[in-house]
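Trainee: no sequence on this one, just coordinates:
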RNA sequence: CGGGGUGUAGCGUAGCCCGGUAACGCACGUGCUUUGGGAGCACGAGAUCGCGGGUUCAAAUCCCGCCGCCCCGACCA
């Protein structure tokens, strides 16, 4: 049975979640370690998942009026240092080019950790009038942040992402834009990746350096820890002021525009893995799965092989014409010289939503067995119905995966009112803890230092409710979400 | 940067204490038998033992120095 091979070497999720995650990423060939410390190689299968969510998000970004642009990888030191809080926040994480062209540089070049600074400097010439606003730009690029502790996809020194940067005439319009960006992320997370998220505002301590405030979507992984899945920032006039961006408004007054920025990264590949995976490996939502269906022919003898092939030929013609919610059906027949059991495990590890087994018994009955990755539910379908049934099966699989994630999150969310209960619940069960907080940074810090939990978000759709802060008992008008986080 | 560990074939390890020119499992190649939950047998290919120096007739093994990586603590999409 399971001797050698990888059934024994993929760590069980319940035993060691980080070990499980690492095994899945490496063995499903999503990524590999690179010669550069903290940097990863994204392999074909992992990159296909990224491309799927990237393209979907790109559609939402364009549909909301933004245009893709590109800005340089290097940020001159003088620009990066203009916004005081921004520099201070990023300084420890910036990688510098200090030597080039065979000589030391007088003006160091930062490898962008994010592009607010260089964009603010560049757009000051483009914005003269309120008629030049809003300016709605988006960049798909790579950034570098010198992390001390890295993890594949979740936190790497270099990562791929999208950063939107916008400028507006009024604060109200900028605030709406912050919501627009976050809504793009919510749609991709929930509708495409089947990951339910909580939208909310970050506390002062957790906000982006240089922002007025930061909003985020927060998701729960299958170990009940939280993961920040996308952030959208109100920059106010901070960068505009330090870069000297001014426009002449309708009232003939010179004003600084209001900025926003928002980002979504390859971290979401990690989120998708951790939100849905199980002991057999990845479980991919159909919308992002590089393959929707793998067909495993089963045959012992030459005659059986010929019989199976004879039904595969018309089936393949039909599969080629199937259209799904995420484009043409993505499918493959696995004709490798491996045992069926090997192939089942191979594709389950890779999270392919459905597999179709076709053996001699099926051929004579004119049917095949469709097995769903999510719960290994088996269904026998007549051969001529399979192609036409698949789009509906993929839709219900996507919906069931989302529903399972919602149920899991709800089952691991707790409402707590006092600090002792908070601590014991966190230690015994983990998950999201809804509790009252007075808004003071000192209370937030105390919880973090004593329990390891942080305030993930102050939810937008939280019910107003009078209560008392966990720590100092001061009044609070709404519960916030505490959790241990990635 | 502080503390702990580790480096031998693509991966995981043994050998090191007690020096004698490298072994095992997985993966890989060829052939035959196999195939409804990780197949079997046979043959085969693959390693200047992290790097540099030293001791010795002889170093993966002993000595000195360096480097890399991993785990734990302060930062983060």
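Mentor: Yes, it's here. Note that this is a predicted model, so its numbers are computed, not measured. Numbers count the residues shown, from 1 in each chain, chains lettered A, B, ... in the order given.
Trainee: Show residues contacting stretch A:149-161.
Mentor: A:18, A:21-22, A:25-26, A:30-31, A:33, A:36-40, A:42, A:46, A:50, A:95, A:140-147, A:227, A:263-267, A:269-270, A:273, A:486 (Cβ atoms under 8 Å, 6 or more residues apart in numbering). Every residue, glycine included, has its C-beta placed from N, CA and C.
Trainee: so what secondary structure elements neighbour the helix or strand where residue A:387 lies?
Mentor: Applying DSSP states H and E as the criterion places residue A:387 in helix A:386-411. Judged by 3 or more Cβ pairs under 8 Å, 6 or more residues apart in numbering; DSSP states H and E, helix A:386-411 is in contact with strand A:213-220, helix A:267-276, helix A:302-319, strand A:323-324, strand A:354-358, strand A:367-372.
Trainee: which of the ones you listed sits most buried?
Mentor: Among the helices and strands packed on helix A:386-411, helix A:267-276 has the highest mean neighbour count (mean count of other Cβ atoms under 10 Å), at a mean of 26.
Trainee: Spell out whether it and RNA strand B are in contact.
Mentor: Yes - using Cβ under 7 Å from any atom of the strand, helix A:267-276 comes into contact with RNA strand B via residue A:267.
Trainee: angle of that helix against helix A:386-411?
Mentor: 80 degrees (axes from the mean of the first three to the mean of the last three Cα atoms, to 10 degrees).
Trainee: what's the angle from helix A:267-276 to strand A:213-220?
Mentor: Using the same axes, to 10 degrees: helix A:267-276 against strand A:213-220 is 40 degrees.
Trainee: What helices and strands are in contact with helix A:267-276?
Mentor: Against helix A:267-276 (3+ Cβ pairs under 8 Å, 6+ apart) you get helix A:17-27, helix A:44-63, strand A:213-220, strand A:226-236, helix A:386-411.
Trainee: Just the mean pLDDT for that helix, thanks.
Mentor: Helix A:267-276 comes out with an average pLDDT of 95.
Trainee: anything in the following helix or strand past it near RNA strand B?
Mentor: Going down the chain from helix A:267-276, the next helix or strand is strand A:293-297, by DSSP H and E. No - Strand A:293-297 lies out of reach of RNA strand B by Cβ under 7 Å from any atom of the strand, never closer than 8.3 Å.
Trainee: what number of residues lie near residue A:180?
Mentor: Residue A:180 has 20 neighbours, counted by other Cβ atoms under 10 Å.
Trainee: Mind checking what secondary structure it has?
Mentor: Secondary structure assignment for residue A:180 (DSSP: H, G, I helix; E, B strand; the rest coil): helix.
Trainee: quick one: the closest residue to it other than its chain neighbours from residue A:164, how far?
Mentor: The shortest distance from residue A:180 to any non-neighbouring residue, by Cβ to Cβ, 6 or more residues apart in numbering, is to residue A:64 (5.3 Å). In this structure, residue A:64 and residue A:164 are 9 Å apart, going by Cβ to Cβ, to the nearest Å.
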